[in-house]
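Undergrad: Fold the following, please.
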Amino acid sequence: MPAAVHRAPWYRILYIQVLIAVAVGIALGCYFPEQGRALKPLGDGFIKLIKMMIAPIIFCTVVHGVASMGDLKKLGRVGGKTLLYFEIVSTLALAIGLLVVNLLKPGVGFHVNLAELGSKAVQTAHEYQDKVHTLGTTDFLLNIIPGSFVGAFTSGDLLQVLFLSLLTAFAITGLGQRGQPALHVIERIGEVFFGIMRIVVKLAPVGAFGAMAFTIGSYGISSLQKLLELMLGFYITAALFVIIVLGGIARWCGFSIFQFLRYIKDELLLVLGTSSSESVLPLMIQKLRGLGCAPATVGLVVPTGYSFNLDGTNIYMAMAAVFLAQATDTPLDFGQQLSLMLVAMITSKGASGVTGAGFITLAATLAAVPGIPIESLALLVGIDRFMSECRALTNLIGNGVATIAISRWEGEVTPEILRANLRHATASPAKRS
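TA: Next up is the predicted model:
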């Protein structure tokens, strides 16, 4: 006789709690905007709690995964395949963004007068421009090296943590059997950090509520009307990219993109509420391991993807830059748009750990491409929060699919295992029993 199934009440399911919190936050922001703006610390506090755990979890995951691999040739092979995949898909995302914005032409007819944007908005644009100096290619390469061992964990830059993790893993591997006790300690410490993360995630509805109430209370739904065409174009383009491009890659790997989306629905809703894909990074690591992907591959691909595989950010940068050119009546020929795409490919790689990364990398791109006035960036300040949600969702899905694709490429997991694990995870509790 089958064991009794203990099904949690609907109100205790995390993604339902997040959905309710987002809805209540939107309502509060609409009808009580002042109170909504006052709730900003709730969203910011939750993001800080998540970010507090990212660096140690990534360190333990990468060190344990790579050191357990043992074969450094395999590590180099996986790393090479990962970077090749990232460059191909990221470039495709940029090209699709350019194609759609040239077809839709959302900025044509705006005839924006930069002098009318207001001194405060223009000042905001210049503040973002000042930040892009940290995104230069030389500085970017130097910034990968932390100032100290502890500094890598406090800088907020995932690439520094990844760099330090790889050095540690190589050192443990070089010690042979003598390094095994250290590896076991790191594995146990990693389990502790994941346990802390499970506690923190229970506060997700509170964070989503505060973040959404602040967003709607600050900008209002009516403030989106003027730039609605750009937003809709971006959301539709990102959705088509997920369904067609990432869906095609998923089909090649032997699974359905829609079933994968159902599998990570909790994470998607959390990203929607917080506008940050970093908020679910540790959770995605666990989910991808649960599908059968090797821990070493997950530990290498996922954190690297947060700097090198930003599909949503690439689509946004291509569309937003051309939109600003159209809005300010700045002509851009094919050659200039090609230069724009090449610059965006570089600037997008330096955004890891930078607050407002999508907006700042756009500023870096505009600063590097002459013609489009940097002051025009002020046009997007009011809607960037809404755009960032779509950027984060697309980036998250792209990194998940990338990890599975690399695992399939390495022969670590079969299509049959992927489909079976997805079916089991997305089935109802009664069916799983």
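
Undergrad: host element of Cys293?
TA: Assigned by DSSP states H and E, Cys293 falls within no helix or strand.

Undergrad: Report the contact partners of the spatially closest residue to it that is not a sequence neighbour.
TA: Ranked by CB to CB, 6 or more residues apart in numbering and with sequence neighbours excluded, the top spatial neighbour of Cys293 is Ser407, at 4.1 Å. C-betas here are computed from N, CA, C, even on glycine. By CB atoms under 8 Å, 6 or more residues apart in numbering, the contact set of Ser407 is 292-294, 297-298, 413.

Undergrad: Show me which residues of whatever helix or strand Ser407 lives in are buried.
TA: Assigned by DSSP H and E, Ser407 belongs to helix 384-409. Neighbour-count burial for helix 384-409 flags 384-409 (criterion: 16 or more other CB atoms under 10 Å).

Undergrad: That one: what's the following helix or strand?
TA: helix 415-426.

Undergrad: Which elements pack onto that following helix?
TA: helix 257-263, helix 384-409 (3 or more CB pairs under 8 Å, 6 or more residues apart in numbering; DSSP states H and E).

Undergrad: check contacts around Val78.
TA: Counted by CB under 8 Å, 6+ apart, Val78 has contacts 296-297, 300-301, 406, 410.

Undergrad: mean confidence for the helix or strand hosting it?
TA: Taking DSSP H and E as the definition, one finds Val78 inside helix 72-104. Mean pLDDT, taken over the full extent of helix 72-104, equals 86.

Undergrad: go on, stretch 394-414?
TA: The model assigns stretch 394-414 a mean pLDDT of 93.

Undergrad: rewinding a little: in JSON lines, list the contacts of Val78 along with distance to Thr173.
TA: Below are those laid out as JSON lines (distance: CB to CB, whole Å):
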{"residue": "Ala296", "distance to Thr173": "11"}
{"residue": "Thr297", "distance to Thr173": "16"}
{"residue": "Leu300", "distance to Thr173": "14"}
{"residue": "Val301", "distance to Thr173": "19"}
{"residue": "Ile406", "distance to Thr173": "20"}
{"residue": "Glu410", "distance to Thr173": "18"}
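
Undergrad: between those residues, which is nearest Ile257?
TA: Ile257 lies nearest to Ile406 out of those, by CB to CB, at 16.4 Å.

Undergrad: Torsion angles phi and psi at Met413?
TA: Just to correct that, residue 413 is Val rather than Met. Dihedral pair for Val413: phi -140, psi 140, per degrees, to the nearest 10.

Undergrad: measure it to Gln259 for me?
TA: According to CB to CB, to the nearest Å, Val413 and Gln259 sit 15 Å apart.

Undergrad: okay, those two: which has more neighbours?
TA: Using other CB atoms under 10 Å as the criterion, Val413 and Gln259 rank with Val413 on top: 21 against 15.
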